[in-house]
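Undergrad: Mind folding the following:
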Amino acid sequence: MSDTGPVWNLTFEQWQRLAARAEATPDALEDGAFVRFDSPAGELHFYATPLRKPAGWPYPFLEPIPGVRQNGAFVGRAWHEPDTGFVHFEVFLYAAAQALRADYESDVSDLDYVTYEQAVDQAVRGTQSDLAWLHQEFGRLASLALGF
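TA: This next block holds a predicted model:
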């Protein structure tokens, strides 16, 4: 899937302000979705909930969201490249892998192991809708934290 979202180029200080908002405020996005800053990795992790999810989202919200008493679904991550200022995005849907695994293990789907592995590899990458949602939520965070 190609990344056709906006190009973000932030200073290190701007990235730090985004991270600080994600760390300090349980509801940093103020829209029903959640963002958490993973300090060791230096990444922002984005979680969907029933209140705020990508268009056409078919998966349950079973993953614990760090720092809140609510489950959600990890949609993806963003990280900053300090040398260039670019922000990179990656969709990774654990919920998609879990759904395929449940189908495979219960013999609901008629997949051999190789086909199952290929299906998981494709499903975790999500859809253009998932990527658009990730960009939109990042933009919301930037608007709230930086005034963009």
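
Undergrad: can you tell me how far residue 29 sits from residue 136?
TA: 10 Å (C-beta to C-beta, to the nearest Å). Where C-beta positions appear, they are placed from N, C-alpha and C, glycine not excepted.

Undergrad: all strands for this protein, in order.
TA: 34-38, 43-48, 63-64, 71-80, 87-91 (DSSP state E).

Undergrad: Residue 29 and residue 136 - which one has more neighbours?
TA: residue 29 (20 against 17; other C-beta atoms under 10 Å).

Undergrad: Give the full set of residues in contact with the closest residue to residue 119 other than its chain neighbours.
TA: Nearest residue to residue 119, sequence neighbours excluded (C-beta to C-beta, 6 or more residues apart in numbering): residue 100, at 5.6 Å. Residue 100 is in contact with 109, 116, 119, 120, 123, counting by C-beta atoms under 8 Å, 6 or more residues apart in numbering.

Undergrad: Now intersect those with the helices, please.
TA: 116, 119, 120, 123 (DSSP state H).
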